[in-house]
Each structure stands twice: as structure tokens, then as C-alpha cells.
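# coords please:
(one chain, ligands or ions: 1)
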Amino acid sequence: MPNDRFLKACRKEAVDTTPIWLMRQAGRFLPEYRALRARHGFLEVCKTPELAVRATLQPVLRLGVDAAILFSDILILVEAMGVPLEFREHQGPVLGGGVKDLRDVAALRAPDPTADMGFTLEAIRILRRELSGQVPLIGFCGLPFTLACYVVEGGKSKDFKKLRALMREAPQVYAALMDKLTAAVGDYAGAQLDAGAQAIQLFDTWAGVLEPAEYEASVLPYTERVASALRGRGAPVIHFTQDCRRLLPHLRRLPVDVLSIDWRVGLDEAAQAVGPGFVLQGNLDPETLLKSVPEVEAAAAEVMRRGRAAGGHIFNLGHGILPATDPQTAAALVEAVHRLGRGS
Ligand code: CP3
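Numbering: from 1, shown residues only. The predicted structure is shown next:
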């Protein structure tokens, strides 16, 4: 029987139990992923359809989650725009360039998804065949603001000082960059849907560093453009940002189906802030998965209790799964959520 409870929950249809998947479920906590990475570089896995397919399927096979998420990275798009990209051990992504003026923005290419990211689209097509309806496939993109963070800072940053300075002191450069990223994200996410992705998660991981008024003026309009174009295509759209509490009064205006909530705010509080209609995804603290199975089950039950205040609930972590997580604990969480969600 095909398992479509994730898609049903996105659309607020009745489900037999609470669906669950885990952000970064394909990753270093799985020994089979580490074995793959011992032989292949991270970007090589992203860009080789057969390897990306294998990494995508690993957590589906092992954990019994209700959705697969394409194995890739939000920065693949930025590289396709001409920004040199490297992943360094213990340092994360390092990007060349450091966009600072209109010339730099003009030098960014408008990528053609088929020509420049065909490997991802091919991985999606293979995955749909291999999954053959067992679970749905989620595609994803970074949103313009979070991509701009990397493009301007050149890598990870605590406070995104350069980007915030650009926003304030060179608004025309910021707007030109955001326009270009918005078009590229829309095209790329649309191409993922064309290739067979059944839902799209939009990551705006770093938007939570902004003041709500800054978010409203300088980020929301771009996210709205991306989300409404995708939603017009009929596939569920999920929005994630870390540290979302203060932004919730603005996030409720986004044309998306699901809001993915980080672990710093209770789902009941989030439901109250966005209104009763929204389906919420989340939001177990990833650190909880380092504890014992009974503690994980108790914490999951509490997340589910709070989640009842929402228009619907898709269980997930509040951010990516930690590499130190025991895969058996993750599998126990999936089992517990399915058990607890039956009849609730
Ligand atoms: O969720 C999944 O399983 C799908 C795959 C996925 C990855 N990255 C694989 C990955 C997804 C959805 C992402 C999104 C992503 N990438 C985001 C937004 C989501 C979030 O976590 O907030 C961001 C900000 C990035 C950029 C990025 N990629 C960073 C900062 C890092 C380094 C941090 C780290 O964990 O090493 C990456 C690397 C990365 N992306 C890995 C994986 C599995 C680890 C690479 C490795 O194998 O060494």
C-alpha cells in the first residue's frame, strides 16, 4: 500500500497516524552514509544521480519515515550561478566571491536547471521510480535571504554583519541580488516539481537573525514570490526558518501549506501565533535524540500533545539531526510517533 500520510497531512486530509520525517535524515549519523562518504566527496554525492539516490534512500530503508527528502544541498544552486563552492571538513561550506556591489550581482549567472543542475533532476526521476509510491519525495531549495547570507558572507557567519550592512547601506545592491536569487530559486524549485518532486521544502534557515520589521520589509516579499509561484503548481510548500518565534506574525501571511517550527517555541504557542488553520511541522529538539529511548518517547509525546493545537501536525525535529545520534534511537522515535499518533 502506498504511504501517502505525509502528503495528506500537508493538505489537511485525515491521516491514520502522525507522519514523521527528520531534517537531514540522510547524513552522518548513519553508518551507511559515512561509508558512502569515505569513498566519495560530499559534492560528488550531490552531483552523481546514482549516489544521491542511494543517500536519499538510506534513511527511508532504515528508519521507516513517511517521506524521502532528496539528497542535495541548498548551495548547489549558488554554485550553478557561478559562485565557487567547497565543503571543508569541520568548517562547512566555503564560497568564493563575496558579493558586494552591482557588478558582482551582474556577474551571477541565471542558471538553467536542466543544463546546470540536471544531475538533481535525474536523481528525482530515478527516485520516483525506485520509491514507486512507497513514500513521497520532498524536493527543496534555500530561500533567497539564506542563499544571500552565504553569497555575501562567503561562508558561515554568526550574525551576517556584511549582509545586514548591505541591506541598510546599499539597498539597491541587496534588491538586485535578491531579485536574481528569487528568479533562480523559483526556476529550480519548479524544475524539481516537473521532474517529480511531490512537495517542496523552502529553507530560510537564517531569517531568524532579523528583526521582525526587517524581515517584513526585506525578506517576506521575495519569499512570497517564490512560494506563490510554487503553490500555483498544486504541490504542498513547506517553509522552515530557525529561531522563528518572533517572525510568526509575519510567517502566517506566507502562501505556504506547512510551517516547520524550530524547537525553541512550543507548537501550541506557534499555533496560537499563526492561527488555527496552519499545519505545523516539528519540532523535537535534536539534542533529545542523544538521550535514552524512554526520554525520547516522553519528549515526543509532549511535542504531539502541543501539536494538537495546530490545524495538522507533521512530526519532525526542530532542526537537522545531529551526527552523534544513534540510528536505533531515531528508528525508535519514528515507531513511537506512529504508535502515539494512532487514534489521537
Ligand atoms: O535533509 C536531508 O537529509 C537532505 C539533504 C540536505 C543537506 N543539506 C545535506 C547536507 C538538506 C535539506 C540540506 C539543506 C541545507 N544545507 C541548509 C538548510 C537546512 C539547515 O540545516 O538549516 C543549509 C544552511 C545548508 C548549508 C550547509 N550544508 C551547511 C552549513 C553544511 C555544513 C554543516 C554540516 O552539517 O556539515 C552543509 C553540509 C551538508 N549538507 C551535509 C549534508 C548531509 C554534511 C556533509 C558531509 O557529508 O560531510
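# quick one: contacts for the nearest residue to residue 296 once chain neighbours are set aside?
Sequence neighbours aside, residue 333 is the residue nearest to residue 296 in space, at 5.5 Å (criterion: CB to CB, 6 or more residues apart in numbering). C-beta: built from backbone N, CA, C; applies to glycine. Remark: with contacts taken as CB atoms under 8 Å, 6 or more residues apart in numbering, residue 333 is in contact with 20, 22, 284, 289, 296-297, 300.
# For the residues you listed, give me a markdown table that also has pLDDT and distance to residue 163.
Formatted as a markdown table, the contacts of residue 333 follow (pLDDT from 0 to 100; distance: CB to CB, whole Å):
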| residue | pLDDT | distance to residue 163 |
| --- | --- | --- |
| 20 | 98 | 34 |
| 22 | 98 | 29 |
| 284 | 98 | 30 |
| 289 | 98 | 32 |
| 296 | 98 | 37 |
| 297 | 98 | 41 |
| 300 | 98 | 36 |
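# Redo these as a markdown table? Include neighbour count and distance to the ligand.
Output for those, formatted as a markdown table (neighbours: other CB atoms under 10 Å; distance: CB to the nearest ligand atom, whole Å):
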| residue | neighbour count | distance to the ligand |
| --- | --- | --- |
| 20 | 29 | 13 |
| 22 | 25 | 8 |
| 284 | 24 | 15 |
| 289 | 25 | 15 |
| 296 | 19 | 19 |
| 297 | 17 | 23 |
| 300 | 24 | 19 |
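# which of those sit farthest apart?
Maximum pairwise distance among the contacts of residue 333 (CB to CB): 15.5 Å, between 22 and 297.
# bridging residues for the residue in the stretch 51-200 of the chain positioned nearest to the ligand?
Proximity of the stretch 51-200 of the chain to the ligand (CB to the nearest ligand atom) peaks at residue 92, 3.5 Å away. Taking DSSP bridges as the rule, residue 92 bridges to residue 88.
# quick revisit: considering the contacts of residue 333, which is situated nearest to residue 114?
Using CB to CB, these come closest to residue 114 at residue 22, 30.3 Å.
# SS state for the spatially closest residue to the closest one that is not a sequence neighbour?
Spatially, and ignoring its direct neighbours in sequence, residue 22 is nearest to residue 321 (5.1 Å; CB to CB, 6+ apart). Under DSSP: H, G, I helix; E, B strand; the rest coil, the three-state class of residue 321 is coil.
# these two touch, right, residue 321 and residue 33?
No. Under the criterion of CB atoms under 8 Å, residue 321 is not in contact with residue 33, lying 11.0 Å apart.
# which residues sit in contact with residue 110?
Residue 110 sits in contact with 81, 180, 183-184, 187, where contact means CB under 8 Å, 6+ apart.
# need those residues in a markdown table with distance to residue 237, can you?
Listed next are the contacts of residue 110 as a markdown table, based on distance: CB to CB, whole Å:
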| residue | distance to residue 237 |
| --- | --- |
| 81 | 22 |
| 180 | 21 |
| 183 | 17 |
| 184 | 17 |
| 187 | 15 |
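# got the residues you listed as CSV, with pLDDT columns?
Formatted as CSV, these follow (pLDDT from 0 to 100):
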residue, pLDDT
81, 98
180, 98
183, 98
184, 98
187, 98
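# The one helix or strand residue 151 maps to - contacts with which helices or strands?
Element membership of residue 151, judged by DSSP states H and E, is helix 144-153. Helix 144-153 is packed against helix 75-80, strand 92-95, helix 161-169, helix 171-195, helix 220-231, with contacts defined by 3 or more CB pairs under 8 Å, 6 or more residues apart in numbering; DSSP states H and E.
# Packed most tightly, which of those would that be?
Mean neighbours per residue, mean count of other CB atoms under 10 Å, is largest over these for helix 75-80, with a mean of 22.
# Contacts for that one next, please.
By CB under 8 Å, 6+ apart, helix 75-80 touches 43, 46-47, 85, 93, 95, 109, 111, 116-117, 120, 141-142, 147, 150-151, 184-185, 188.
# For it, what is the distance to the chain centroid?
The gap between where helix 75-80 is centred and where its chain is centred comes out at 15 Å by CA atoms, centre = their mean, to the nearest Å.
# Export it to CSV, keeping only CA atoms.
C-alpha atoms of helix 75-80 as CSV (Å, rounded to 0.1, in the frame of the first residue of the first chain):
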residue,chain,number,x,y,z
LEU,A,75,24.2,25.7,-2.1
ILE,A,76,24.2,23.7,-5.3
LEU,A,77,22.1,26.4,-6.8
VAL,A,78,24.6,29.1,-5.8
GLU,A,79,27.4,27.2,-7.4
ALA,A,80,25.3,26.9,-10.6
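# what about that helix, near the ligand?
Yes. Contact of helix 75-80 with the ligand (CB under 6 Å from any ligand atom) involves residue 75.
# Quick one: name whatever helix or strand follows the helix or strand hosting residue 6.
According to DSSP H and E, residue 6 maps onto helix 5-10. Next helix or strand after helix 5-10 toward the C-terminus (DSSP H and E): helix 31-39.
# pretty sure residue 82 is in a helix, no?
No. Under three-state DSSP, residue 82 sits outside any helix and is assigned coil.
# quick one on the thing from earlier: for the helix holding residue 6, which outside residues touch it?
In contact with helix 5-10 (CB under 8 Å, 6+ apart) are residues 14-19, 21, 66-67, 135-136, 198-199, 236, 238, 257-258, 279, 312-314.
# Would you pull up how far it lies from the middle of the chain?
Counting by CA atoms, centre = their mean, helix 5-10 comes out at 16 Å from the chain centroid.
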